[in-house]
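Asks: Got a sequence here, can you build the structure:
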Amino acid sequence: MPLRNRHGSTIDPVPFVVVVGLSFMILLSFGPLYGQALGLSLESAIAISAALFAFVAVAAFYRQVWTFHPETIGIVPAAVRAERLFHLIPLLAALIVALAIPLVIG
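Replies: Below is the predicted model of the structure:
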């Protein structure tokens with residue numbers, strides 16, 4: 001079933017799926033560990049991480065699907081979008097390492 005925006009136009013689901021997948025990975029991998037490090041019970045930490053994930057998923061759907069305008073696709077060339085993506089990959093790797101450092105040291 002294709003995703004559609006509020007005007008009924010078909011939307012590419014890949015950016016939405018990537019954002020939701022990465023947020024799931026980060027929030028539910030590191031969230032409970034940080035919650036326990038802050039003194040929360042495991043159940044509370046998981047519940048808070050799941051609530052944050054739900055918020056991010058809804059916000060990503062609103063931003064990348066519901067309010068997306070397909071006519072803006074050709075404005076930014078694919079080479080520029082790919083370059084931005086390849087610049088974000090090291091930042092994401094650094095974020096994951098930075099999130100793991102306090103858990104290894106502490």
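Asks: can I see the domain layout of this protein?
Replies: As assigned by automatic domain parsing, the chain contains the domains 1-72, 76-106.
Asks: Need these in CSV (columns: mean pLDDT and mean neighbour count).
Replies: Every residue, glycine included, has its C-beta placed from N, CA and C. Below are the domains of the chain laid out as CSV (pLDDT from 0 to 100; neighbours: other Cβ atoms under 10 Å):
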stretch, mean pLDDT, mean neighbour count
domain 1-72, 89, 14
domain 76-106, 84, 10
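Asks: For the biggest helix by length in the chain, which helices and strands make contact with it?
Replies: Longest helix of the chain, by residue count under DSSP state H: helix 78-105. Helix 78-105 is packed against helix 14-37, with contacts defined by 3 or more Cβ pairs under 8 Å, 6 or more residues apart in numbering; DSSP states H and E.
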